[in-house]
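Asker: based on what follows, work out the 3D shape:
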Amino acid sequence: MEPQPSDALGLARTAHRRLFVTAAGIDDETGRRPSRLPGWTVGHVLTHLARNADGHVRRLAGALEGREVPRYEGGDEQRDGEIAAGAGRSKDELFRDVTESARRLERIWVLSQEAGWPNAGLLAGDHFPTTGSPFRRLREVEMHHVDLGLGYELADWPEEYVAWELSASLERLPERLVERGDDRRFLAWLTGRGGWPQGLRLRPWL
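Answerer: Predicted coordinates:
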């Protein structure tokens, strides 16, 4: 079930603080170390998290004014270019970017909540209303904090987040199945009527 923004806000803020602690502990060499994401360094992941926060800010600021503003005006090309451009920065620059962008987002969450999340249906190219921003940001931070490979692991995920994420991911599972008939094989396993469907392939998680 999609969590209410008020339920996700506290968890997202706490996730930010945990990320700040991790980001504060890196040095320049660590920033250039490979992350757990293929082709991305720690600096790539931290830059992505910062630009993700700014994307949410742009969309929410637009909604407060009744305007439909996408998170990335230039789409994936802009997103990827900004991540590549910022990945090689110093530890201080990465830390400052991650923390300041997250705090900007937290401030606009407050404004949005106080205003009653106006114009939530202005999707601006996204597939979720603006009320879904806190949960989507929580997901982004929790997933990518693990991807950094700097000591934050799956076991550290909060129980509330796991419950929401598992439900949401299972709901989207059918559209990620690749082969015809995999839906039946997976359903059989899930309901105790078959073994694990060997060779099951899924489209990328987005």
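Asker: the most centrally placed residue in the chain: what secondary structure?
Answerer: The centroid of the chain falls nearest to E140 when counting by CA atoms, centre = their mean (1.6 Å). At E140 the chain is in helix, as set by DSSP: H, G, I helix; E, B strand; the rest coil.
Asker: ok, the closest residue to it other than its chain neighbours - how many residues close by?
Answerer: The shortest distance from E140 to any residue other than its chain neighbours is 5.3 Å, reached at N52 (CB to CB, 6 or more residues apart in numbering). (C-beta placed from N, C-alpha, C; glycine too.) Neighbours of N52 under the rule other CB atoms under 10 Å: 22.
Asker: the one 5 residues further on now?
Answerer: Neighbour count of V57, defined by other CB under 10 Å: 21.
Asker: for it, give its distance to A168.
Answerer: Distance, V57 to A168, by CB to CB, to the nearest Å: 23 Å.
Asker: now do the contacts for N52.
Answerer: By CB atoms under 8 Å, 6 or more residues apart in numbering, the contact set of N52 is 71, 137, 140.
Asker: what's the distance between the residue with the largest distance to the centre of the chain and V57?
Answerer: Distance from the C-alpha centroid of the chain peaks at R193, with 34.3 Å (CA atoms, centre = their mean). Separation of R193 from V57 (CB to CB): 47 Å.
Asker: and what of P197?
Answerer: For P197, the distance to V57 - CB to CB - is 42 Å.
Asker: got phi/psi on L202?
Answerer: Dihedral pair for L202: phi -120, psi 140, per degrees, to the nearest 10.
Asker: ok, E160 - contacts?
Answerer: For E160, the contact set (CB under 8 Å, 6+ apart) comprises 7, 11.
Asker: can you do 7 Å?
Answerer: L11 (CB atoms under 7 Å, 6 or more residues apart in numbering).
Asker: buried residues, whichever strand or helix holds it. List them.
Answerer: Element membership of E160 [criterion: DSSP states H and E] is helix 159-176. Within helix 159-176, the residues that qualify as buried are 161, 164-165, 168, counting by 16 or more other CB atoms under 10 Å.
Asker: fine, thanks again, bye for now.
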